[in-house]
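Visitor: Return a 3D structure for these sequence lines:
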Amino acid sequence: MHVVEYLPFIVDNELMLPPALEVETQLMSNARAQLAKLMQRLNGPAAAEQLVELGSTKAEILRIATERAVDLIVVGSHGRHGWARMLGSTADAVLHGAACDVLAVRVPE
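Guide: Predicted coordinates:
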């Protein structure tokens, strides 16, 4: 699963979330292609489902996990420290919001 975050833009000094934009459509298309390449490189099963969603990464991961009664979420973590840790991370947000088990795998930077 990959989540493409909304691209906010500013109009008259107000942050707004745009309607479906061509840029987001292209990002989603690119994400689907990259997931397919990754699945092929890892010799994944041809029938494996690959999801690309648009929205907040944390919210979309948790929504899909709930809708599909997922019993384990595997998420990559960069293991940030200091200020970066205080700003939060997707892995940390999923870990604290999930109703199921979460496995965080350290991803080298």
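Visitor: can we go C-alpha only for contacts and neighbour counts from here?
Guide: OK.
Visitor: what bridges to the nearest residue to Arg32 once chain neighbours are set aside?
Guide: Closest residue in space to Arg32, ignoring its immediate chain neighbours: Val52 at 6.4 Å, by CA to CA, 6 or more residues apart in numbering. Per DSSP bridges, the residues bridged to Val52 are His2.
Visitor: From the chain's centroid, how far away is stretch 89-100?
Guide: How far stretch 89-100 lies from its chain's middle: 12 Å, per CA atoms, centre = their mean, to the nearest Å.
Visitor: can you tell me the average pLDDT over that stretch?
Guide: Averaging pLDDT along stretch 89-100 yields 90.
Visitor: Going by neighbour count, which residues in that stretch are buried?
Guide: Across stretch 89-100, burial judged by 16 or more other CA atoms under 10 Å covers 89-92, 94-95, 98-100.
Visitor: In this structure, where's the longest helix?
Guide: Longest helix of the chain, by residue count under DSSP state H: helix 22-41.
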